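Enquirer: after the sequence you'll find the predicted model.
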Amino acid sequence: MGTVHVLDHPLIQHKLAILRDKRTGVKEFREIVGEIAALMCYEATRNLPTEEVEVETPVAVAKVRVLAGKKLAIVPILRAGLGMVDTIIDLIPSAKVGHIGLFRDPETHEPVEYYCKMPPDIAERQVFVVDPMLATGGSAAAAIALLKKKYGCKNITLMDILAAPEGVETVQKDHPDVDIFLAALDERLNEHAYIVPGLGDAGDRIFGTK
């Protein structure tokens, strides 16, 4: 069974408080989404394999640890997931980026796919699916299913800034092998399938479309 990791680091929690505040403007909101994504990335990549090599410092030869050739991919769920990509790529420049476009049907709240483009070797990579919000879990579960069935991905991790218990339950039920990393697990979904207390619509607040 995949593990749910709720990251309670003080820096993450402080920045999350700013995201929740309705007075936070687009520029600051977008920047902080990226900052939280970078902090979460440190934890989500903690178990990447390393190997020992030698380098020559100005003083002597040192035995050091480097990543052991693990191939990584970042897959944002469009469009809000884009807000988490750049700072993760800053940390892992060799990672490739795929894109999955899903929107939630306003009546059924079910995900509808409208775009998908992946690196050709995505099946060989450890994949980090990123999206600021895990509400019903439908979009995340659908994105992970697509990566498994269409592209043959076997090593997938989900990273969300906020989640509702309902979303976590959906992903765990459909994909028990996937680890989930969260900055916070909120109370519930409301009647409109929004996370409570949440932070509103992450896509609108990142891109200033509302």
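Expert: Noted; the coordinates are in hand.
Enquirer: report all helices and strands that the longest helix seen in the chain contacts.
Expert: The longest helix of the chain (DSSP state H) is helix 26-44. Contact partners of helix 26-44 among helices and strands, from 3 or more Cβ pairs under 8 Å, 6 or more residues apart in numbering; DSSP states H and E: helix 10-20, helix 85-91, strand 126-130, strand 156-163, strand 179-185, helix 202-207. C-beta here means a position set from N, CA and C on the backbone, and glycine is covered the same way.
Enquirer: now do the longest one: everything it contacts.
Expert: Spelled out, it's helix 10-20. Helix 10-20 is contacted from outside by 24, 28-29, 32-33, 35-36, 39-40, 161-162, 183-184, 197-199, using Cβ atoms under 8 Å, 6 or more residues apart in numbering.
Enquirer: show the buried residues in the residues you listed.
Expert: Those of the contacts of helix 10-20 that meet the buried threshold are 24, 29, 32-33, 35-36, 39-40, 161-162, 183-184, 198-199, by 16 or more other Cβ atoms under 10 Å.
Enquirer: residue 128: which of the residues you listed is nearest?
Expert: Set against residue 128, the nearest of those by Cβ to Cβ is residue 40 (9.6 Å).
Enquirer: OK, contacts around that closest one?
Expert: Counting by Cβ under 8 Å, 6+ apart, residue 40 makes contact with 7, 12, 159, 161, 181, 183.
Enquirer: quick one: pLDDT of it?
Expert: At residue 40, the predicted lDDT confidence score is 96.
Enquirer: noted, bye for now.
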